[in-house]
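Student: one predicted model, sequence on top.
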Amino acid sequence: MTRRVGTTERVTALTLKRTLTLLLGLVISGGALYYLIGKDIETLRGELADARYEYLALVIPVYVLALVPRGFRWRALIGYRASTWHTFHIMNVGYLLSGIVPRLGEPARAWLMTRLTPPVKFFTALSSIVVERVLDLLSVIVMLGISLLVLDVPDEVSGAGAFLGVVSIGMVIVMGYFALNRDKAHRILGFFVNRISFLGRFKLVDWLDHFLDGLSPLVNRRTALDVMFWNLISWLLSLAAGYLLMLVFFEEGDLPGVTLMIVMLALAVAIPSVPGNLGPFEAAVVAGFWVAGVIESTDAPQNAPAVAYGLTLHALTLGIYVILGMLGLAVEQTSLGQVREAAQHEQAKEAV
């Protein structure tokens with residue numbers, strides 16, 4: 001009886017948190033869109049009407065193709081416990097669900113892996129996704145550092161770019177070291193937990209173990225090379241797709257601009273917004289192009305090509321996730337409702 005009450009309280013707290021996040025997201029999304037477009041919607045309409053949509057015939061296949069290496073990368077991260085066929089489709093189901101309910105895609109992917117034959121343990125799959133996110137973050141930091149080195153910016157800024165690149169490489173080395181020396185990772189964590197009392201309220205030891213479990217495949221040289229190779233290919237294809245999409249709205253592409261745009265998009269994911277990240281997504285595109293000098297101002301009407309780019313990219317990615325996600329549900333022989341319910345259940349169990 002006590003366990004049921006505890007679970008109910010967790011679900012209630014989680015629901016309240018989601019509601020407050022959604023309300024905050026509505027304010028942020030509305031504010032972002034109003035700032036970007038304002039009352040000058042006619043200029044934006046003109047950009048969309050005059051766009052060279054024939055380039056989408058190149059853009060769409062490249063964007064879809066960029067997801068394939070991510071399936072290979074995830075298969076390596078889970079120690080080749082599942083086929084790429086399953087990792088690719090389950091990954092797309094997760095992306096689809098994340099577009100509907102933020103933060104729900106990861107537990108959904110982990111739960112779907114438990115249904116395979118043979119099954120992959122839930123926390124094994126979840127820990128691999130955590131490592132996947134860390135790799136994406138490090139990749140974004142590297143791209144930011146390279147962009148700052150290439151762009152015509154003050155020496156202090158380009159120096160910061162070089163520093164970020166070194167830090168990212170250092171973090172990879174540190175992760176590899178702790179994957180080989182779990183006891184030292186536990187001792188370091190214990191040092192801080194014993195001295196900072198409130199840290200004891202969190203399941204830091206459990207999360208550290210899950211994270212180290214996710215790192216364990218990288219200890220193998222072949223696996224590490226596979227992960228790094230497919231990670232590189234995926235990001236290169238994403239950059240290529242972003243560059244080609246620029247030709248729809250701009251006279252020519254700008255690689256540093258696309259790189260900074262992707263960096264800004266990675267940061268925008270953390271901002272509360274309505275499902276689908278409408279508003280912050282487009283603002284991130286505009287900010288990236290402005291920092292790179294592709295557009296002169298973030299204000300309308302100067303930002304109109306970038307806003308049109310952002311809206312098109314947003315619609316394109318959501319459309320791809322919906323189509324591939326629904327295909328993934330069919331391949332895995334489940335429904336969106338079943339996956340969502342299971343993911344919410346797993347998320348509620350982990351809620352504090």
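Tutor: That came in fine, so what should we check first?

Student: do I have it right that S83 meets F72?
Tutor: No. The pair S83 and F72 fails to qualify as a contact (Cβ atoms under 8 Å) at a distance of 10.6 Å. Just so you know, the C-beta spots here come from the backbone N, C-alpha and C atoms, and that holds for glycine as well.

Student: the two: which has the busier surroundings?
Tutor: Each of S83 and F72 has its neighbours counted (other Cβ atoms under 10 Å); F72 has more, 19 against 12.

Student: can you tell me the helix or strand for the closest residue to the more buried one other than its chain neighbours?
Tutor: The shortest distance from F72 to any residue other than its chain neighbours is 4.4 Å, reached at W230 (Cβ to Cβ, 6 or more residues apart in numbering). Using DSSP states H and E, the secondary-structure element containing W230 is helix 221-249.

Student: with L126 instead?
Tutor: Here L126 sits within helix 122-150, counting by DSSP H and E.

Student: for this protein, where's the lowest mean pLDDT among helices and strands?
Tutor: Among the secondary structure pieces of the chain, namely its helices and strands, helix 2-37 has the lowest mean (mean pLDDT, DSSP states H and E), a mean of 66.

Student: the stretch 201-350 of the chain: helices as residue ranges?
Tutor: For the stretch 201-350 of the chain, helices defined by DSSP state H, counting those that start in this stretch occupy the ranges 204-215, 221-249, 255-268, 280-291, 304-331, 336-350.

Student: ok, which of those comes nearest H89?
Tutor: Comparison of the helices of the stretch 201-350 of the chain against H89 by Cβ to Cβ identifies helix 304-331 as nearest, at 3.6 Å.

Student: which intervals of the chain have sub-threshold pLDDT?
Tutor: Within the chain, the stretches falling below the threshold (pLDDT under 70) are 1-22, 25, 39, 152-158, 160-161, 270-276, 350-352.

Student: hang on, isn't L144 packed against V263?
Tutor: Yes. With contact taken as Cβ under 8 Å, L144 and V263 are classed as touching, separated by 4.7 Å.

Student: ok so, going back, just put the helices of the stretch 201-350 of the chain in a markdown table and tack on mean neighbour count.
Tutor: Conversion of the helices of the stretch 201-350 of the chain to a markdown table gives the following (neighbours: other Cβ atoms under 10 Å):
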| stretch | mean neighbour count |
| --- | --- |
| helix 204-215 | 18 |
| helix 221-249 | 18 |
| helix 255-268 | 22 |
| helix 280-291 | 25 |
| helix 304-331 | 20 |
| helix 336-350 | 17 |
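
Student: distance to H89 added to the ones you listed, as CSV?
Tutor: CSV is the format used below for the helices of the stretch 201-350 of the chain (distance: least, Cβ to Cβ, whole Å):
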stretch, distance to H89
helix 204-215, 21
helix 221-249, 16
helix 255-268, 24
helix 280-291, 25
helix 304-331, 4
helix 336-350, 12
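
Student: and of the ones you listed, who's closest to Y53?
Tutor: Ranking these by their distance to Y53 (criterion: Cβ to Cβ) puts helix 221-249 first, at 6.3 Å.

Student: which helices and strands does the closest one pack with?
Tutor: Helices and strands in packing contact with helix 221-249 are listed as helix 56-77, helix 122-150, helix 255-268, helix 304-331; criterion 3 or more Cβ pairs under 8 Å, 6 or more residues apart in numbering; DSSP states H and E.

Student: what about these, which gets the closest to L44?
Tutor: Across those, the minimum distance to L44, taken as Cβ to Cβ, is reached by helix 304-331, at 5.1 Å.

Student: circling back: gap between the very next helix or strand once past the helix holding L126 and the chain center?
Tutor: Downstream of helix 122-150, the first helix or strand assigned by DSSP H and E is helix 155-180. Average the C-alpha atoms of helix 155-180, do the same for its chain, and the two points are 20 Å apart (Cα atoms, centre = their mean, to the nearest Å).

Student: same thing with stretch 281-293?
Tutor: Its chain's average C-alpha position is 17 Å from that of stretch 281-293, according to Cα atoms, centre = their mean.

Student: run through who's touching that stretch.
Tutor: Contacting residues not belonging to stretch 281-293 are listed as 32-33, 35-36, 147, 151-152, 254, 256-265, 267-268, 273, 295-298, 303, 306-307, 309-311, 313-314 [Cβ atoms under 8 Å, 6 or more residues apart in numbering].

Student: now do stretch 75-83
Tutor: Everything outside stretch 75-83 that qualifies as a contact, by Cβ under 8 Å, 6+ apart, is 84, 87, 113, 116, 118, 120, 124-125, 128, 131-132, 214, 216-218, 223, 226-227, 230.

Student: which positions in it come out as buried?
Tutor: Taking 16 or more other Cβ atoms under 10 Å as the neighbour-count basis, stretch 75-83 is seen to contain the buried residues 75-79, 81-82.

Student: from those residues, pick the one nearest M91.
Tutor: For M91, the nearest member of those is R75. The distance, counting by Cβ to Cβ, is 9.7 Å.

Student: from Y34, how far off is the closest one?
Tutor: 43 Å (Cβ to Cβ, to the nearest Å).

Student: and if you look at L135?
Tutor: In this structure, L135 and Y34 are separated by 36 Å, where distance is defined by Cβ to Cβ.

Student: next one: V27
Tutor: Here the criterion is Cβ to Cβ. By it, V27 lies 11 Å from Y34.

Student: ok, back up a step: which elements pack onto the following helix or strand past the least confident helix or strand of the chain?
Tutor: Using DSSP H and E, the helix or strand that follows helix 2-37 towards the C-terminus is helix 41-49. Counting by 3+ Cβ pairs under 8 Å, 6+ apart, the packing neighbours recorded for helix 41-49 are helix 304-331.

Student: perfect, I'm done here.
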